[in-house]
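In: below is the structure, and that's it, no one-letter string:
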């Protein structure tokens, strides 16, 4: 079932990306990454900074955060983005992936608590 949903999402993303003016060479790979991540609870946010393309990943729970960490550690993310960008740019492309370990650990800590039992922020008590 998950595979079917992912395939449907990929088709929808491809249609939207083609209509949205994204370069045709980037569409299949980008649509695949978007569909793959959405099914797993990971949202992609793209932004451009000068000549760089910044990609932020927003996870909705601990499981997607762990999946994202696995994809980064294995080199999957780097391989996918290199495969998307190199043919489009027609030259070797450097894909750097930065993970702020302190931020990852902090977010994981907050997501690890049971609902209603989250880590309290230090500060004045409301009681």
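Out: The structure has been received and is ready for your questions. Just so it is clear, the model here is predicted, and its values are computed rather than measured.

In: and the helices in the chain?
Out: With DSSP state H, the ranges of helices along the chain come out as 2-19, 27-39, 62-73, 76-89, 101-111.

In: in the first one, which residues are buried?
Out: Meaning helix 2-19. 6, 9, 10, 13, 14, 17 (16 or more other Cβ atoms under 10 Å). Just so you know, the C-beta spots here come from the backbone N, C-alpha and C atoms, and that holds for glycine as well.

In: contacts only, for the nearest residue to the last one once chain neighbours are set aside.
Out: Right, residue 17. In this structure, residue 17 finds its nearest non-sequential neighbour in residue 27, 4.6 Å apart by Cβ to Cβ, 6 or more residues apart in numbering. For residue 27, the contact set (Cβ atoms under 8 Å, 6 or more residues apart in numbering) comprises 14, 17, 18.

In: what do you get for residue 47?
Out: Residue 47 neighbours (Cβ under 8 Å, 6+ apart): 53, 54, 56.

In: kindly report the same for residue 86.
Out: Counting by Cβ under 8 Å, 6+ apart, residue 86 has contacts 92, 93.

In: from residue 80, how far off is it?
Out: 11 Å (Cβ to Cβ, to the nearest Å).

In: equivalent analysis for residue 46, please.
Out: For residue 46, the distance to residue 80 (Cβ to Cβ) stands at 14 Å.

In: what about those two, which has more around it?
Out: The neighbour count for residue 46 versus residue 80, taken as other Cβ atoms under 10 Å, is higher for residue 80 (17 against 10).

In: which one is the more buried one nearest to, not counting chain neighbours?
Out: For residue 80, ignoring the flanking residues on the chain, the nearest one in space by Cβ to Cβ, 6+ apart is residue 33 at 5.6 Å.
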